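> Mind looking at a prediction? Sequence and model below.
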Amino acid sequence: MTGTIAHSALLVSVGVLALGVILTPVAVRSGRREWLQLVYGAAYTNFLLVTIATVAMVYALVTHDFSVSYVAAVGSRSTPLLFTIISLWGALEGSILFWAWVLAMYAAAVVWLHSRKPGNLIPYATMTILAVAAFFAILLVGPADPFRPVFPVPADGPGPNTLLQNHILMAVHPPLLYLGYVGMTVPFAFAIGAIVSNEATSNEWTLLSRRWMLASWGFLTAAIIAGMWWSYEVLGWGGYWAWDPVENASFLPWLTATAYLHSVMVQERRNMLRLWTLNLCVATFVLTILGTFLTRSGILSSVHAFTTGSIGYYFLGLIAVVLAATLVLVAGHSDRIRTPGKLGGAASRETVFLLNNLFLTAVMLTVLIGTLYPLIAEAIRGVKVSVGEPFFNRMTIPAMVALIFLMGVGPSLPWGSTTWADARKRLAPPLAGALIMAVIAIAVGTRSIYALLAFTFVGYAAMGNLREYWVGMRARRRAHGESWPTALTRLVRGNRRRYGGYVAHIGILFVAVGVTASSAFRTEREATLLPGETLTVSGKTVRLKGVWGREEPQRSVIGATLDVLGKDGAVTGTLEPRMNFYRVSDQPVPTPDVKSSIKGDLYVNLMAFEANGANATIKVIVEPLVPWIWFGGLVIVIGSIIGMFHSGRRAVPVRKAPASAPSDPPETAPEDEIVEALT
Amino acid sequence: MNWKRSIIALLASAPVLALFAFGFTRNPAEIPSPLPGRPAPPFTLAVLTAGEGSHARTPGDTIRLSELAGKVVVVNFWASWCLPCRTEHNALSEAARYYSDKPTQFIGVLYNDSPSAGVRWIGELGGMSYPAVTDVESRTAIDYGLYGVPETFIIDPAGRVAHKHLGPITGDVLRRVIDSVLVSSGVADSVVAGAG
């Protein structure tokens, strides 16, 4: 019954979406704009229909309705309620349903917020989103139908993938990822809408697309960090990034989206890079689809790979259509989209933004080639190869270290051009931060040149970004006699996007410090301990207290209890790494236990145990500053929230006459404020 | 609209799509092994449970690969904690019985498991028609480049690896490979006689 209702809702939604897509050009071309209300109605109706299907799925999961194929595949009576609900996105069909629902929500939100705008941008952007939504709706009534009837109805199911029911972060990471990943469809839709409606040269679409991009970017960043955290807490290897194809798939659009968020500022301020910015916007969406294709087609081997069916062919079709349509549109209109703006001077913020885009794109291409190389090698040379960490680290770390440096340089330099003497004056103060960090890094024994450079540049960039706050606040205090807190709030309110961006920079720096320190100073040891025996790793001592077992409804748990000993031998805490044996799987799921502090983590994993509890093999990893990565993720999210809710208008009117650009006076922070106040 | 440029851009995407389409023809989970066609790594393994008929061995004795020259040797790696091993168990036991009148030797190598758990598992599944052996420190598994369990190697009478199978094996695959090795090596003139 539930299945029939949901399936019918999805069937109707395919029709509604098709109608919306076909009706848009008809309505626009024939001038019957009242018909557009039907298109917008289609977006709302689709949201309603997919919501019915999604709620039906959650209901079927919670009530253990095994007559629904998806529930029969991932449900189990013994799985706790929370993990039953979140198994909605734990396997292929459910994840496609969830994807369709998030996209339907975005489509409805775009119509709700923007449909009253004049012009043809919004109709065509809506059409683009509805077309992508139609693809997912077709998957849901065809090859990825989660509501197929099962007969005879099984009494119980196997439960979700054991790795996915082992940690609470599985309730957080996938929804964030979908919000970010699927959200990239919206800026893309504005780009396509702008080209089709001939409005690519207006700034309306940039204004809309960059806000949606910033929101999606914030979600995607949070999702990637949450995914790293999950992998750290669950997989038991003490790492958080392995350059797995699916991790790369989430990183690729993040890189182009980051590049976009910077290049769009150059476009607005300097009337340059419009075609490039549009390309980044389109590329970001194409990379999300590519990532989904790689995860769900089974053409690359990955720990994340979903079980596959014919769905890969559908995604290949989608990639072909998206690539063909966007390439034809963008290349065909490139002459009109291109901007005449010229670079002001070498020492300017836009130069740094260009370098930033260059490095981000280079990292993206490197990761893309590395990810696809096994396929390329097999196609050309017929050999099986795997591309792993050494390639990715070696190829991307130099560019990423350079990006940290640029994060300090960019905010310190003015737009337009400046003299070298002025540039030197602006770039000098953050050197103090670089010096402090370099001294600390050497004092704690940093040996790798890249780690040393990373720490130094983090110091430089931190000082550079914080100094922007300080300079702005000092100017406000002088001009308006405000107190420090008032100056800070008004400064940020005056230019949310800019100061939100600096907060995001600080967040990235926390992540950079955490990643560098935990990679450079990680120490680990493994030993088989009898109860009462101790193991010491870089000053941290643990003592095995005992091995125990416990039966739970869906799993059996074997755990080891370890005392953490302080310097004087007193017990300062306990750790309980466990192994969870789920009924449906032959492999135990490790559950390491972590003791975190601001200085770093003591990470303990149970590797093996004697059945009679006589001993346990324990791996102890000491990883400095890992929590800084999670904290940095939070700071980045705060930064993007600050930036998202800016006053609504672009920061500065775009200069209409590019010829005057080179002679623009260098801007300073207080001047920015004035311009801000005027708009 | 500049159609010339559009078409050039469109053509540029063709190789990428062709590459992905090619991807569907390949299985990334398939791991190439250099072993087929090469001499099988020698082993000496202690017998854990006896097995039946011509395959039977005395528990506690050892089996050496070198003593099995002239026979088709089927080496199956398994473990009690391995679910797919349960799936293939019947196919292997039945095949061993079916070929007991031919020059063959089936061996089940217990991988990364305690002998007691292995014996219990065999009892649970209603016996094993060929000897189970233990692999101390997984030396043989390492020599054979084991990627996971179950994996099955079929060694021809000259001591070369004739076939490697990843994952649970089926009766069809066993018969097809063993029959062809028996015939091509000439140790059995006809395999049809045994088929019933």
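Yep, it's here.

> Flag the shaky bits of chain A, pLDDT-wise.
A:301-309, A:344, A:584-586, A:646-679 (pLDDT under 70).

> Closest approach to chain B from it, which residue is it?
A:Ile299 (3.2 Å; C-beta to the nearest C-beta). The C-beta positions use only the backbone N, C-alpha and C, and glycine is treated the same way.

> Please, where are all the strands along chain A?
Assigned by DSSP state E, chain A shows strands spanning A:523-529, A:534-537, A:540-552, A:555-565, A:571-575, A:578-582, A:589-591, A:593-597, A:600-609, A:616-624.

> Measure how the first one sits relative to strand A:540-552, angle-wise.
When you say that, I think you mean strand A:523-529. On the basis of axes from the mean of the first three to the mean of the last three C-alpha atoms, to 10 degrees, strand A:523-529 is oriented at 60 degrees to strand A:540-552.

> buried stuff in strand A:523-529?
If you call a residue buried by 16 or more other C-beta atoms under 10 Å in any protein chain shown, then strand A:523-529 has these buried ones: A:527, A:529.

> Could you list the alpha-carbon positions for that strand in CSV?
Extracted C-alpha coordinates of strand A:523-529, given in CSV (Å, rounded to 0.1, in the frame of the first residue of the first chain):
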residue,chain,number,x,y,z
THR,A,523,53.5,8.2,16.2
GLU,A,524,52.0,4.8,16.7
ARG,A,525,52.8,1.5,18.3
GLU,A,526,51.0,-1.9,18.4
ALA,A,527,51.5,-4.5,21.1
THR,A,528,49.8,-7.5,22.6
LEU,A,529,49.1,-6.8,26.3
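
> How about the residues of chain B by chain A?
Within chain B, the residues that sit near chain A (C-beta under 8 Å from any C-beta of the partner chain) are B:1-3, B:5-10, B:12-13, B:16-17, B:19-24, B:26, B:28-32, B:81-84, B:114.

> Tell me which of those residues fall in helices.
Of the residues of chain B next to chain A, the ones assigned to helices by DSSP state H are B:3, B:5-10, B:12-13, B:16-17, B:19-23, B:83-84.

> Would you mind listing which of the residues you listed are buried?
Here, 16+ other C-beta under 10 Å leaves B:5-6, B:9-10, B:13, B:19-20, B:23 buried among those.

> Among those residues, which one lies nearest to A:Thr536?
A:Thr536 has its nearest neighbour among these in B:Gly23, at 48.6 Å by C-beta to C-beta.

> Quick check: the closest one touching A:Ser297?
Yes: here B:Gly23 reaches A:Ser297: they are 7.0 Å apart, a contact under C-beta atoms under 8 Å.

> Tell me the spacing between the residue nearest the centre of chain A and B:Cys85.
Chain A has A:Leu220 as the residue nearest its centroid, 2.2 Å off, counting by C-alpha atoms, centre = their mean. To B:Cys85, A:Leu220 is 41 Å away according to C-beta to C-beta, to the nearest Å.

> same deal with B:Pro115?
Taking C-beta to C-beta, one finds B:Pro115 at 16 Å from B:Cys85.

> so which strand or helix has the residue positioned nearest the centre of chain B?
Per C-alpha atoms, centre = their mean, the C-alpha nearest to the average position across chain B is that of B:Thr152, at 1.0 Å. Per DSSP states H and E, B:Thr152 falls inside strand B:151-155.

> starting at the chain centroid, how far to that strand?
How far strand B:151-155 lies from its chain's middle: 3 Å, per C-alpha atoms, centre = their mean, to the nearest Å.

> Each with direction, which strands does the helix or strand following that strand pair with?
Downstream of strand B:151-155, the next assigned helix or strand under DSSP H and E is strand B:161-166. The strands beside strand B:161-166 in its sheet (DSSP bridges) come out as strand B:151-155 (antiparallel).

> Rounded mean pLDDT for the strand it pairs with, please.
Mean pLDDT, strand B:151-155: 93.

> List of residues touching that strand?
For strand B:151-155, contacts defined as C-beta atoms under 8 Å, 6 or more residues apart in numbering or on different chains pick out B:35, B:40, B:65, B:68, B:72-77, B:88, B:92, B:144, B:161-167, B:169, B:174, B:177-178, B:181.

> how about A:His7, what does it touch?
A:53, A:141, A:145, A:147 are the contacts of A:His7 under C-beta under 8 Å, 6+ apart.

> Let me know the closest of these to A:Phe392.
Using C-beta to C-beta, the contacts of A:His7 come closest to A:Phe392 at A:Asp145, 37.0 Å.

> Can you list phi and psi of that closest one for me?
Dihedral pair for A:Asp145: phi -70, psi 110, per degrees, to the nearest 10.

> Next: A:Asn166.
Torsion angles, degrees, to the nearest 10, at A:Asn166: phi -110, psi -10.

> Chain neighbours aside, what residue packs nearest to it?
Computed as C-beta to C-beta, 6 or more residues apart in numbering or on different chains, the closest residue to A:Asn166 that is not its neighbour in sequence is A:Val589, at 4.9 Å.

> Repeat that for A:Phe135.
Using C-beta to C-beta, 6+ apart, the closest residue to A:Phe135 is A:Leu318 (5.5 Å).

> so who does B:Val119 touch?
B:48-49, B:132.

> Out of the residues you listed, which sit inside strands?
Per DSSP E, those map to strands at B:48-49, B:132.

> between those, which is nearest A:Gly75?
For the ones in strands among the contacts of B:Val119, the nearest to A:Gly75 is B:Ala132 (36.6 Å; C-beta to C-beta).

> For chain A, what is the nearest residue in chain B?
Counting by C-beta to the nearest C-beta, chain B gets nearest chain A through B:Gly23, at 3.2 Å.

> near chain B, which residues of chain A show up?
Counting by C-beta under 8 Å from any C-beta, chain A sits next to chain B at A:293, A:297-301, A:312-313, A:316, A:319-320, A:323-324, A:327-335, A:372, A:374-376, A:378-379, A:384, A:585-587, A:611.

> Among those, which ones are in helices?
A:293, A:297, A:312-313, A:316, A:319-320, A:323-324, A:327-335, A:372, A:374-376, A:378-379.

> A:Thr185 contacts A:Phe285, correct?
Yes: the criterion here is C-beta under 8 Å, and A:Thr185 meets it with A:Phe285 at 6.1 Å.

> re earlier: backbone dihedrals for the residue of chain A closest to chain B, please?
phi -90, psi -10.

> Hmm, it is touching A:Gly312, no?
Yes: between A:Ile299 and A:Gly312 there is a contact under C-beta under 8 Å: 6.9 Å.

> Neighbour count for these two, which is higher?
Per other C-beta atoms under 10 Å in any protein chain shown, whichever of A:Ile299 and A:Gly312 has more neighbours is A:Ile299, with 27 against 21.

> any idea how far the more buried one is from A:Leu372?
9 Å.

> what do you get for A:Ala107?
31 Å.

> the more surrounded of the two?
Set side by side, A:Ala107 and A:Leu372 show more neighbours around A:Ala107, with 29 against 22, by other C-beta under 10 Å.

> Next, B:Glu124: phi, psi?
Backbone geometry at B:Glu124, expressed as degrees, to the nearest 10, gives phi -60, psi -40.

> since we're on it, how many residues are nearby?
The burial count for B:Glu124: 10, using other C-beta under 10 Å.

> Report the contact partners of residue 35.
The chain I'm using is chain A. Neighbouring residues of A:Trp35 by C-beta under 8 Å, 6+ apart: A:23, A:26-27.

> think we crossed wires, I meant chain B
B:144-145, B:153, B:161, B:164 are the contacts of B:Leu35 under C-beta under 8 Å, 6+ apart.

> Which one among those sits at the bottom for pLDDT?
B:Gly145 (86).

> Could you look up the SS state of it?
Taken by DSSP: H, G, I helix; E, B strand; the rest coil, the conformation at B:Gly145 corresponds to coil.

> who are the neighbours in contact with it?
B:33, B:35.

> Tally up the residues packed near residue 77, please.
Just so you know, I chose chain A. A count of nearby residues for A:Arg77, using other C-beta under 10 Å, gives 13.

> try chain B instead
25.

> what do you get for the one 5 residues further on?
Neighbours of B:Cys82 under the rule other C-beta under 10 Å: 21.
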